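Novice: what's the 3D shape of this:
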Amino acid sequence: MSQVTIRRVDEAWVEMARQEATRLKISMNQVLLDALRRGLGADAQPVKKTNLDAYAGDSDFGPGWDEFLDKDLKKLDRELWS
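Specialist: Next up is the predicted model:
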């Protein structure tokens, strides 16, 4: 094992690491090691993404999709916005 020093770390990140260590009841060092492992892709389990990137781009939602958008989703409900 090696020991390294990381300089110019944003203070907000350090505070986040402290809070996470307190929450998990583990050392801040362990929190940072776990974060590095995940960030570098060295973790056995991939980081679970919680966004919709897989659905971005051109998708064919089938016939009637454009009509649905025009008919239902693009209408302004004046009662909600008045």
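Novice: What segments of the chain are strands?
Specialist: All residues of the chain lie outside strands when identified by DSSP state E.
Novice: Residue ranges in it under the pLDDT threshold?
Specialist: Along the chain, the model assigns pLDDT under 70 to residues 44-47, 57-59.
Novice: May I see the buried residues of the longest helix anywhere in it?
Specialist: Assignment by DSSP state H gives helix 11-24 as the longest helix of the chain. For helix 11-24, a neighbour-count test (16 or more other C-beta atoms under 10 Å) marks 17, 20-21 as buried. Quick note: C-beta positions are derived from backbone N, CA and C, even for glycine.
Novice: now those as JSON lines including distance to Ser27?
Specialist: Output for those, formatted as JSON lines (distance: C-beta to C-beta, whole Å):
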{"residue": "Ala17", "distance to Ser27": "10"}
{"residue": "Glu20", "distance to Ser27": "11"}
{"residue": "Ala21", "distance to Ser27": "6"}
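Novice: Just name the closest of those to Asp72, please.
Specialist: Checking those against Asp72 with C-beta to C-beta, the nearest one is Glu20 at 42.9 Å.
Novice: mind listing what that closest one touches?
Specialist: Going by C-beta atoms under 8 Å, 6 or more residues apart in numbering, Glu20 touches Val31.
Novice: can we see that at 10 Å?
Specialist: Taking C-beta atoms under 10 Å, 6 or more residues apart in numbering, we find Glu20 in contact with 26, 28, 30-32, 34-35.
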